[in-house]
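Student: predicted structure and sequence below. I'll ask about it afterward.
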Amino acid sequence: MDFIRKHAIKLPALFVCFVFVQSLFFKFTRNVETIYIFEEKLDPWAASLGFPGLFAPGGLFSAYVVGSAELVASSLILFGTLTARPRIQGLGALLGLAVISGAIMFHLFTPLGVSVRNADGSFDGGQLFAMACLVWLACLLIAFVRRNELLGLIGIRRSMTPA
């Protein structure tokens, strides 16, 4: 179990970092796909609910804000992984879990949908959604493995030995 806690968790950590970091180009450069997701689908939906501009470039949940949260989450995960600081890795996983949970909810419960339009006008067949689900599972796994360290941050100590 110690080997798994120490080394096997690196694979999902690196996967989350890879997905989040490679998506930053799209979010920070106002790529066609990002404009479609945030400004053409999500912002009009939010406006219909009385929250115009929520997903616009200056909005509370703009691509820049979401990308920044993904950057912080991946930085914490990567730093925690490379420096053997499980609490930092766990905190990054919790932030990543929060960000990607929002993405999954917006895919499922808004006009965005599961299949998203690509730059060439075709649809991705749910690849972006599937990747979000894999990131969610990886973040959940990291947080679960690091649960004792995370609980220690709020003063709860759990013993790994049975009573």
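Tutor: Everything's here; your move. Numbering: from 1, shown residues only.

Student: counting neighbours, what do you get for residue 29?
Tutor: Residues lying near residue 29 (other CB atoms under 10 Å) number 11. For glycine as for every other residue, the C-beta is placed from the backbone atoms N, C-alpha and C.

Student: quick one: residue 97 and residue 138 touch, right?
Tutor: No - proximity of residue 97 to residue 138 does not meet the contact threshold set by CB atoms under 8 Å, at 9.3 Å.

Student: looking at those two, which is more packed in?
Tutor: residue 138 (24 against 20).

Student: quick one: contacts for that one?
Tutor: 12, 13, 15, 16 (CB atoms under 8 Å, 6 or more residues apart in numbering).

Student: now with 7 Å, please.
Tutor: By CB atoms under 7 Å, 6 or more residues apart in numbering, the residues touching residue 138 are 12, 15, 16.

Student: show me what contacts the second one?
Tutor: For residue 15, the contacting residues are residue 138, by CB under 7 Å, 6+ apart.

Student: so which helix or strand takes in residue 54?
Tutor: Using DSSP states H and E, residue 54 maps to neither a helix nor a strand.

Student: is the residue nearest to it when sequence neighbours are not counted in a helix, a strand, or coil?
Tutor: In this structure, residue 54 finds its nearest non-sequential neighbour in residue 46, 4.0 Å apart by CB to CB, 6 or more residues apart in numbering. For residue 46, the assignment made with DSSP: H, G, I helix; E, B strand; the rest coil gives helix.

Student: then residue 121?
Tutor: Judged by three-state DSSP, the three-state class of residue 121 is coil.

Student: can you map out the helices along the chain?
Tutor: Ranges of helices in the chain, per DSSP state H, are 2-3, 10-28, 32-34, 43-48, 63-82, 86-109, 127-145, 147-153.

Student: alright, calling it a day.
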